[in-house]
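A.B. asks: quick check, what structure comes out for this input:
(chains A and B)
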Amino acid sequence: MSEPNLAALAKLIAEREGSLPDSALVIKPLRGGAIQENWLVRIDGHPDEYVLRTDAPATIRSSHSRVEEFRIVQAAYAAGARAPRPVLYSEDAAIFGKPFALYEKAEGVALGSRIVKDMSLGGDRRELTRMLGRELAKIHRVKPGDPDLAFLGAPPADPARAHVAQLRETLDALGARHPALEWGLRWLDLHLPPARRVTLVHSDYRTGNYLIDKTGLTAILDWEFAHWDDPHFDIAWFCAKCWRFGRHDLEAGGIGPREDFYVGYEIESGASIDRDAVAAYEVLAHARWAVIALEQGERHTSGREPSLELALTGRIAAELEYEIVHMTPPGRWRQK
Amino acid sequence: MSETPMSEAPQLQSVDPQGEDLLKLSVFHLRNKVAPGLDGDARYNLLLAARAAEIAWRDRSLAAAFEEAAHGIARAMSGQDVVVAIRSGQRDGDIVLHGALQAMTAIATYSTRPDILKDKERSEIEALCE
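C.D. replies: The predicted model follows:
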């Protein structure tokens, strides 16, 4: 990347945020985010901090561009969800060399393995679990028809079958032959229920993708996969065993009881959760994560982005396939 | 990523360690001798490398078991292409194929995350390690 034009960036921020001190802008790279690059933007002597997001050198097929992600965060923020406050989006290559979006920085810890262990974070854990249910319901208030989200396309007529088709298509594109994944996808083809309603779904709503501080939730992160879907998709992703960071006794993201999460969601949304649908969507959660892991591994094996971390992510597919096979024994197949 | 250090040096198989034994020793060395002196990105990247070496040694010790598990799936398919047959519904709920898939996925998982296997599965696979 060429040197960013910090003066131009400062001017742009001042235009959107009102007066800011006439002092130096400082940016530095942040860790985290395999699909995009994150930079901390700070103004000397000013308390406000921002996060600037751009695309990584290689991305994966199913992730949105930065402008699309920005529109999604705007819609969720307007719906009352605790998304980072969106500040601006720019395609002016003279500023950062490539398109970028800027958000107000939220404080807190996101690391899932720490969140499930460090009880000094998050405040009352059962209240946090209910709050995460409520926040998800707010995201699901966003319905198809919002013109700013037209890029998401029309909602699929049958989201469940669309998932199976899309995951098979991705496996074929990767040239990946995974019989256990195929077994799970066939089970899903037969057992995922038709959607009763379709909303915006975050699509990666899980422990590790929200920030908490000492008192509770501060922000929901990583909106790059959001799309129209059955809301059970998000509920199951949050509760799936693969996202509990080893705390399998706490089925809601490794942080609290599943029913607390459901209660928060149902009170906020006024909609009831279909427990059987969530169970089926949890199989999908494992299949989807396995395919994403293979896509990440392919970023390395293709030579586009040589990386030990990406290579090891590809190997995560094995444990997910193991879970899929255990969740779909012959006795759990519907009789023809 | 697991950061649990090994408590004891690995038991080596010969007086002139080679191949898998050297991989085991490298992982022990990285986790117990090098990682404690590092922090931040350096520690993270070192532990990634240790994890990769650990998987490589398990892959190597289970090569024959992998091959046998793949044969198990092939036997269950009786000459059919496994992907085509599953997608077309010819093997819906098939007990034999499910058993073969369980065996294959347990072995693959042993390489990367042996801790998530059931105790019985883990000990059965350990018996297959060369």
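A.B. asks: what is the three-state secondary structure of the residue lying closest to residue A:50 once chain neighbours are set aside?
C.D. replies: In space, and not counting its chain neighbours, residue A:50 is closest to residue A:41: 4.2 Å by Cβ to Cβ, 6 or more residues apart in numbering or on different chains. Heads up, the C-betas are built off the backbone N, CA and C, glycines and all. When classified by DSSP: H, G, I helix; E, B strand; the rest coil, residue A:41 comes out as strand.
A.B. asks: contacting residues for residue A:41?
C.D. replies: Neighbour list for residue A:41: A:9, A:13, A:25, A:26, A:27, A:49, A:50, A:51, A:52, A:102 [criterion: Cβ atoms under 8 Å, 6 or more residues apart in numbering or on different chains].
A.B. asks: how many other residues sit next to the residue of the stretch 1-150 of chain A found nearest chain B?
C.D. replies: Residue nearest to chain B within the stretch 1-150 of chain A (Cβ to the nearest Cβ): residue A:31, separated by 7.3 Å. For residue A:31, the count of nearby residues is 8 (other Cβ atoms under 10 Å in any protein chain shown).
A.B. asks: next, count neighbours for the residue nearest to it when sequence neighbours are not counted.
C.D. replies: Of all residues not flanking residue A:31 in the chain, residue B:41 sits nearest, at 7.3 Å (Cβ to Cβ, 6+ apart). Residue B:41 is flanked by 9 other residues according to other Cβ under 10 Å.
A.B. asks: residue B:41 against residue A:29, yeah?
C.D. replies: No - Residue B:41 is beyond contact range of residue A:29, at 10.9 Å (criterion: Cβ atoms under 8 Å).
A.B. asks: where exactly do the helices run in chain B?
C.D. replies: Remark: helices assigned in chain B by DSSP state H are B:19-29, B:40-61, B:63-77, B:82-87, B:95-112, B:119-126.
A.B. asks: ok, now chain A?
C.D. replies: A:6-17, A:66-78, A:93-96, A:112-115, A:125-139, A:159-174, A:179-191, A:232-239, A:258-269, A:275-301, A:308-315, A:317-327.
A.B. asks: okay, those helices, which one's buried deepest?
C.D. replies: Highest mean neighbour count among those (mean count of other Cβ atoms under 10 Å in any protein chain shown): helix A:232-239, with a mean of 27.
A.B. asks: just checking, what packs against that one?
C.D. replies: helix A:125-139, helix A:258-269, helix A:275-301 (3 or more Cβ pairs under 8 Å, 6 or more residues apart in numbering or on different chains; DSSP states H and E).
A.B. asks: residues contacting the nearest residue to residue A:102 once chain neighbours are set aside?
C.D. replies: Excluding the flanking residues, the one nearest residue A:102 by Cβ to Cβ, 6+ apart is residue A:87, at 4.5 Å. Contacts for residue A:87 (Cβ under 8 Å, 6+ apart) come out as A:13, A:16, A:17, A:50, A:102, A:103, A:104.
A.B. asks: closest one of those to residue A:333?
C.D. replies: Of all the contacts of residue A:87, residue A:103 has the smallest distance to residue A:333: 45.1 Å, by Cβ to Cβ.
A.B. asks: if we can go back for a sec, will you turn the contacts of residue A:87 into TSV that also has distance to residue B:85?
C.D. replies: Formatted as TSV, the contacts of residue A:87 follow (distance: Cβ to Cβ, whole Å):
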residue	distance to residue B:85
A:13	58
A:16	57
A:17	59
A:50	53
A:102	51
A:103	48
A:104	53
